[in-house]
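Trainee: let's see this in three dimensions:
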Amino acid sequence: MDQMDTDASCITRSPIFTTFTQIFARSVQVWAINYGFPEVTASSAAYPAMLFAWSTADVTRYLYFSVLLAGNPVPRALKWLRYSLFLVLYPIGIGSEWWLMYRATTVTTNLLIWGILYFFLGLYAPGSVMMYSYMVRQRRKTLSK
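Mentor: Now for the predicted structure:
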């Protein structure tokens, strides 16, 4: 087994911290931001942009993994899409998430919630670099084969 197969106790092929970061960020976005502040998220153009980025990335990712799990060779085009779409989709998704979270800070009257949201907004820069860099390395490694 290689390192990728052992990182998250074989639940996912990605490192556990990368997987946790993505799941945690999406959970916060869905429940704390979109559900908690629909008056500023649902009407924003960033909301459908975020959903487009998330759904396009997920459909591609899960189709890729479905082909792998079925034991079939992954078509070259699907492999390229899996490891290339993020170049455009990550900035759209991350930018949309950030904007929607920022918009939530403009309407909350709770100082603690405001502070927590700004803390998370500050994590987007290093978190985005980490996630994007990870995918660039994965792309280089996978598509060079």
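
Trainee: I figured residue 78 hits residue 66, correct?
Mentor: No. Residue 78 is beyond contact range of residue 66, at 10.0 Å (criterion: Cβ atoms under 8 Å). Using the backbone N, CA and C atoms, a C-beta is placed for each residue, glycine as well.

Trainee: who has more neighbours out of the two?
Mentor: Taking neighbours as other Cβ atoms under 10 Å, residue 78 and residue 66 compare with residue 78 leading, 14 against 11.

Trainee: what about the residue lying closest to that one once chain neighbours are set aside, how many neighbours?
Mentor: Of all residues beyond its chain neighbours, the one nearest residue 78 is residue 64 (5.7 Å), with distances taken as Cβ to Cβ, 6 or more residues apart in numbering. For residue 64, the number of neighbouring residues by other Cβ under 10 Å comes to 17.

Trainee: I'd guessed residue 64 sits against residue 76; true?
Mentor: No. With contact taken as Cβ under 8 Å, residue 64 and residue 76 are classed as non-touching, separated by 11.8 Å.
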